[in-house]
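Novice: Next one to model:
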Amino acid sequence: MRAIWLREFGGPDVLVPGTAPDPTPGPGQVVIDVAHANITFVETQQRSGRPGPFQVTPPLIPGNGVGGVITAVGPEVDVVLTGRRVVSATGGSGAYAERVAVDASAPIEVPAALALDEAVALLADGRTATMLVETVGIHPGDRVLVEAAAGGVGNLLVQIASRAGARVIGAAGGPRKVELLPGLGAELAVDYLLPDWADRVRAAMGGIDVVLDGVGGAVAGAAFDLLEPGGRMVSFGLASGEWSPVSAEAATARQVTLVRPDVPPARLRAYTQQALRDAAAGHLRPLIGQRFPLERAADAHAAIEARATVGKTLLDVS
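Specialist: Below is the predicted model of the structure:
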């Protein structure tokens, strides 16, 4: 089968097209014929060898999320699963390929009303966005600042928070991304690359109640300063390359709660299923900003690292 190999750490060009043996399902496993593979920012960090909680060891086929059709089952697995459209995590590797074997309990069936590419776009990001909104607690009338609002998670956060009745401020980097935000449900859209972005938010909203921090670094610090007493802040990304610098002591002094989700795996699965149901019902629309054929995985990584992407980036495998 066709696959993308990571044989050494480095820039995007270390992702090299090649071949790999077709997987055979072992006991308790199924094989998925992959139509689309999910790409996350974390995977670009893994490829570069950057230290972090999800490090990998080359050589391997990268990727941790796919969507496709179950085409084979192993011993002790019900053959009724064959032919089902599913999305699935792959256990940390193996997704940038035509086929992958996973534990039979891993795949999640895709609702009939939902396109498979949209389901893949929601596999990780929809789960994260749904979890964050529930964990931080968003109520009608809350002033909610979403950072990296044109990103894979951020665009979903804007939609979910807006649907919950919040007044959403979307912050994104650059005019092209900012222009997308009103269409997603943002009442105010600002460019966090401009020095007066926080002043614009304060002038329009007075202060804010919730920060959903996907940027970290100085942007997270400025967002924290906008929070009113009783506000909540949760960090889910580091588009700046740095996590939020806000300390627990600073939050306590400002009467702000730093929310740190701690969710068991079973609950994460439920969040994915919820995101898929919401999308199938028309309540959530993943923004697929760009797609690349499998052989151009290196170009996909380069685009993400250059901050040239909006929404979700997919690899189209078949």
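
Novice: so what's Gly92 closest to, chain neighbours aside?
Specialist: Distances taken as CB to CB, 6 or more residues apart in numbering put Asn64 closest to Gly92, at 5.4 Å, once the chain neighbours are dropped. Heads up, the C-betas are built off the backbone N, CA and C, glycines and all.

Novice: Report the contact partners of the one you found.
Specialist: Asn38, Thr40, Glu43, Ala89, Thr90, Gly91, Gly92, Ser93, Ala95, Ala124 (CB atoms under 8 Å, 6 or more residues apart in numbering).

Novice: Which of those are buried, as a PyMOL select command?
Specialist: The following PyMOL line selects those of these that are buried, judged by 16 or more other CB atoms under 10 Å:
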select buried, resi 38+40+43+89+90+93+95+124
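
Novice: which one among the contacts of Asn64 gets closest to Glu134?
Specialist: Of all the contacts of Asn64, Glu134 sits closest to Ala124, with 16.3 Å by CB to CB.

Novice: Let me know whether the closest one touches Asn38 as I believe.
Specialist: Yes - judged on CB atoms under 8 Å, Ala124 makes contact with Asn38 at a distance of 5.9 Å.

Novice: Spit out the residues that contact the two alike.
Specialist: Common neighbours of Ala124 and Asn38 (criterion: CB under 8 Å, 6+ apart): Asn64, Gly65.

Novice: Spatially central residue for this protein, please.
Specialist: Central residue of the chain (CA atoms, centre = their mean): Asp125, 3.0 Å from the mean position.

Novice: Alpha carbons of stretch 147-163, as CSV, please.
Specialist: Output of stretch 147-163 as CSV, limited to C-alpha atoms (Å, rounded to 0.1, in the frame of the first residue of the first chain):
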residue,chain,number,x,y,z
GLU,A,147,-8.2,32.8,20.0
ALA,A,148,-7.0,31.1,16.8
ALA,A,149,-10.6,31.3,15.9
ALA,A,150,-10.1,30.4,12.2
GLY,A,151,-8.2,27.2,13.1
GLY,A,152,-9.5,23.7,13.2
VAL,A,153,-10.7,23.8,16.8
GLY,A,154,-11.2,27.6,16.9
ASN,A,155,-13.8,27.8,14.1
LEU,A,156,-15.9,25.1,15.9
LEU,A,157,-15.6,26.9,19.2
VAL,A,158,-17.0,30.1,17.6
GLN,A,159,-19.9,28.1,16.3
ILE,A,160,-20.7,26.2,19.5
ALA,A,161,-20.3,29.2,21.8
SER,A,162,-22.5,31.3,19.5
ARG,A,163,-25.2,28.7,19.4
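
Novice: Give the buried residues for it.
Specialist: 147-162.

Novice: rewinding a little: what's near enough to touch the closest residue to the residue nearest to the centre of the chain other than its chain neighbours?
Specialist: Of all residues beyond its chain neighbours, the one nearest Asp125 is Gly152 (4.2 Å), with distances taken as CB to CB, 6+ apart. Each residue near Gly152 by CB under 8 Å, 6+ apart is listed here: Thr40, Ala121, Ala124, Asp125, Pro286, Leu287, Gly311, Lys312, Thr313.

Novice: what helices or strands is the longest helix along the chain leaning on?
Specialist: Longest helix in the chain by number of residues (criterion: DSSP state H): helix 265-280. Applying 3 or more CB pairs under 8 Å, 6 or more residues apart in numbering; DSSP states H and E, we find helix 265-280 packed against strand 108-109, helix 116-123, helix 125-136.

Novice: partners of the shortest one in the sheet?
Specialist: Just to be clear, that refers to strand 108-109. Partner strands for strand 108-109, per DSSP bridges, with pairing direction: strand 85-89 (antiparallel).

Novice: average pLDDT across the partner strand?
Specialist: When pLDDT is averaged over strand 85-89, the result is 98.

Novice: Which parts of the stretch 201-318 of the chain are strands?
Specialist: 208-213, 227-235, 257-258, 288-293, 312-316 (DSSP state E, counting those that start in this stretch).
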